[in-house]
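Undergrad: no FASTA, just this:
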Ligand SMILES: C[S@@+](CC[C@H](N)C(=O)[O-])C[C@H]1O[C@@H](n2cnc3c(N)ncnc32)[C@H](O)[C@@H]1O
């Protein structure tokens, strides 16, 4: 079974399902839940498609009978929108009356027709966009602009409200969505509306082999406000949606939140399961925050999890390779400026639109009126960067996959029959840490957070600084490793073994570094210690340790 506690528009459960896995998705945003449910309930064969077409026909016939009633309501909404812009500025009268009817049939009165979730998701998808397969006046498909802005935009651009046959669009899009029934085995897929902090309360104890999920990042996206038009169709208050979601947390609260989420997910994950958390870096002003690393730092102390190290990610955090231009962040950032309308009563309905650059933002504000509008760089609330990391963790002792060594990680002078392969995987990273990267490894290395490397090196070598090693920060550990490297490099071969011994003893006592009991070499000779450290820095063969 594959699970995703932040399933959004349902990518993880859908892909898992298409691959013949059981899939569970969950999200606290009612829009995300409806979109995901729609995808998983798409017709899987011709019979299913016939049922969808019959249902669309049934709805269209009913609408024809009740048109006058909805026409009046649509007129009222459009009239009211002239003074106080709302959904009436988004759609022409003929579209609005069809949407009001469908809203009443599909949302308000919970019909039990099994094809309705699929139809609802097509309607949500088609709400706004710029071609004639969308219902609105031309506007972006990905996020909703503010009603006041739309009103002025329509006026300034001299736009006409398009007339659409919503039912015809539903038929067309439903037909495109038909996918082959043969690809899907006998599996189940379920979507829940649920807070990820209590993900375990949906049940399925210890049943997921894979968790694949991308949580919200700090204050990057307002899922409610940016989708107020679609949420209107669902009869939801977008402000309430934003209040409920965890999309406005500052760093410490975010880490608390993720700690709860990950601890809850532990109960759903099989003992030999794997959890992949896709967490993007965030820019806050001039600072770049590596959130994946922060989350790992926060949860590693629990002792419940270990990093899942594989060839591509020897340190458990992998950087995804998708080009920035193909990522959703390009929509949210697009240069990184937001235009806002000043508001006396601090109403939240202020956000207007994203623009590319500072100069574009200045121009837009001038155009709209500087007394009423202003621009802010997105960095003020935390801006998503195109860099996503996948933090791969598993319950301690999980046998999800064996750790294997990719040949490309081996130094030529190191035996590939090493009993401690993990150590050798670390060598290029250590060299990098010491500023001695060989070009061979650069490709892998630049993707790994330095502090992770330090922690893993300490773990792998059972090095301890104090009895309570966990309280020592990675930065302190990094400086210890650097100091060791320096001192060892200073010890050239002409230095007598005795002097070397003395130097090492001095360093170790000054730095208060201890080996843990498992590999206690405190009584061993300076030569052995030196051997360990040379191995540590990748300049000697593993053989020296056993000697
Ligand atoms: C980065 S998106 C996930 C995108 C998803 N992977 C997709 O393919 O569409 C994060 C999701 O977390 C949801 N969310 C925010 N706070 C939540 C919470 N406390 N519990 C559950 N879901 C939450 C948002 O509604 C949003 O859909």
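TA: Cool, the structure landed. Fair warning: this is a prediction, and the values are worked out from it, not measured in the lab.

Undergrad: Report whether stretch 5-17 contacts the ligand.
TA: Yes. Judged by C-beta under 6 Å from any ligand atom, stretch 5-17 and the ligand are in contact via 6, 8, 9, 11. All C-beta atoms are positioned from the backbone trio N, CA, C, and that covers glycine.

Undergrad: what does this protein have sitting close to the ligand?
TA: Counting by C-beta under 6 Å from any ligand atom, the chain sits next to the ligand at 6, 8-9, 11, 27-29, 32, 195-197, 214-216, 223, 245-247.

Undergrad: one step back: which among the residues of stretch 5-17 next to the ligand gets closest to the ligand?
TA: When those are compared for distance to the ligand (C-beta to the nearest ligand atom), residue 8 wins out at 2.5 Å.

Undergrad: SS state for that closest one?
TA: Under the three-state scheme (DSSP: H, G, I helix; E, B strand; the rest coil), residue 8 adopts coil.

Undergrad: which residues does it contact?
TA: The contact partners of residue 8, by C-beta atoms under 8 Å, 6 or more residues apart in numbering, come to 27, 29, 32, 35, 36, 214.

Undergrad: Give the closest residue to the second one in space, chain neighbours not counted.
TA: For residue 29, the nearest residue in space outside its immediate sequence neighbours is residue 223; the separation is 5.3 Å by C-beta to C-beta, 6 or more residues apart in numbering.

Undergrad: do the fifth one as well
TA: Take residue 36 and drop its neighbours on the chain: the residue closest to it by C-beta to C-beta, 6+ apart is residue 10, 3.0 Å away.

Undergrad: quick one: that neighbour and residue 34 touch, right?
TA: No. In this structure, residue 10 sits apart from residue 34 without contact. The criterion is C-beta atoms under 8 Å, and the distance is 9.7 Å.

Undergrad: In terms of secondary structure, what does the helix ranked longest in the chain contact?
TA: Longest helix in the chain, counting residues (DSSP state H): helix 46-83. Using 3 or more C-beta pairs under 8 Å, 6 or more residues apart in numbering; DSSP states H and E as the contact criterion, the elements in contact with helix 46-83 are helix 93-102, helix 116-126, helix 166-176.

Undergrad: Between the contacts of residue 8, which sits nearest the ligand?
TA: Closest to the ligand out of the contacts of residue 8 is residue 29 (3.2 Å), distances taken as C-beta to the nearest ligand atom.

Undergrad: mind listing the strands for the stretch 251-400 of the chain?
TA: In the stretch 251-400 of the chain, the strands defined using DSSP state E, counting those that start in this stretch lie at 269-284, 287-289, 305-307, 317-319, 337-341, 351-355, 373-377, 383-395.

Undergrad: Lowest mean pLDDT across those, which one is that?
TA: Among the strands of the stretch 251-400 of the chain, strand 351-355 carries the lowest mean pLDDT, at a mean of 64.

Undergrad: For burial, what's the neighbour tally of residue 397?
TA: 8 (other C-beta atoms under 10 Å).

Undergrad: need the contact list for it.
TA: Residue 397 sits next to residue 271 when contact means C-beta under 8 Å, 6+ apart.

Undergrad: one more time with 10 Å
TA: Contacts of residue 397 were listed using C-beta atoms under 10 Å, 6 or more residues apart in numbering, and they are 271, 272, 306.

Undergrad: Export those residues to CSV and append columns for neighbour count.
TA: Conversion of the contacts of residue 397 to CSV gives the following (neighbours: other C-beta atoms under 10 Å):
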residue, neighbour count
271, 12
272, 14
306, 15
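
Undergrad: if we can go back for a sec, didn't the residue nearest to residue 29 look like it was pressed against residue 33?
TA: No. With contacts defined as C-beta atoms under 10 Å, residue 223 does not count as touching residue 33, sitting 11.9 Å away.

Undergrad: shared neighbours of the two, which are they?
TA: Taking C-beta under 10 Å, 6+ apart as the contact rule, the neighbours common to residue 223 and residue 33 are 8, 27.

Undergrad: remind me which residues of the stretch 101-250 of the chain are low pLDDT?
TA: Judged by pLDDT under 70, the stretch 101-250 of the chain has its weakly predicted residues at 109-111, 178-186, 218-220.

Undergrad: helices or strands next to the one helix or strand residue 211 maps to in the packing?
TA: Secondary structure assigned from DSSP states H and E places residue 211 in strand 208-213. Where contact means 3 or more C-beta pairs under 10 Å, 6 or more residues apart in numbering; DSSP states H and E, strand 208-213 is packed against strand 2-4, helix 11-18, strand 23-27, helix 251-268, strand 269-284, strand 383-395.

Undergrad: how about a cut-off of 6 Å?
TA: Secondary-structure packing of strand 208-213 (3 or more C-beta pairs under 6 Å, 6 or more residues apart in numbering; DSSP states H and E): strand 2-4, strand 269-284.

Undergrad: Return the set of buried residues in it.
TA: Applying a neighbour-count criterion of 16 or more other C-beta atoms under 10 Å, one finds 208, 210, 211, 212, 213 buried in strand 208-213.

Undergrad: Could you do stretch 133-145 as well?
TA: For stretch 133-145, burial by neighbour count (16+ other C-beta under 10 Å) applies to 134, 135, 136, 137, 138, 139, 143, 144, 145.

Undergrad: Distance-wise, check the fifth one relative to residue 160.
TA: If you measure residue 138 against residue 160 using C-beta to C-beta, to the nearest Å, the figure is 10 Å.

Undergrad: Then residue 306?
TA: If you measure residue 306 against residue 160 using C-beta to C-beta, the figure is 60 Å.

Undergrad: Could you check how many residues crowd around residue 366?
TA: Other residues within reach of residue 366 by the criterion other C-beta under 10 Å amount to 10.

Undergrad: same question, residue 231
TA: Residues lying near residue 231 (other C-beta under 10 Å) number 25.

Undergrad: Identify the residues contacting it.
TA: Applying C-beta atoms under 6 Å, 6 or more residues apart in numbering, we find residue 231 in contact with 31, 238.

Undergrad: can you give me phi and psi for it?
TA: Backbone torsions for residue 231, taken as degrees, to the nearest 10, come to phi -70, psi -30.

Undergrad: mind listing what the closest residue to residue 148 other than its chain neighbours touches?
TA: In space, residue 148 comes closest to residue 85 once its chain neighbours are excluded; the distance is 5.1 Å by C-beta to C-beta, 6+ apart. Remark: with contacts taken as C-beta under 6 Å, 6+ apart, residue 85 is in contact with 147, 148, 151.

Undergrad: can you do 7 Å?
TA: By C-beta atoms under 7 Å, 6 or more residues apart in numbering, the contact set of residue 85 is 147, 148, 150, 151.

Undergrad: Just to be sure, the third one is in a strand?
TA: No. Following the definition three-state DSSP, residue 150 is helix and is not counted among the residues of a strand.

Undergrad: List the contacts of it.
TA: With contacts defined as C-beta under 7 Å, 6+ apart, the neighbours of residue 150 are 85, 89, 90, 139.

Undergrad: Phi first, then psi, for the residue nearest to residue 161 when sequence neighbours are not counted.
TA: Here the nearest residue to residue 161 in space, its sequence neighbours aside, is residue 92; by C-beta to C-beta, 6+ apart that works out to 3.0 Å. Dihedral pair for residue 92: phi -70, psi 170, per degrees, to the nearest 10.
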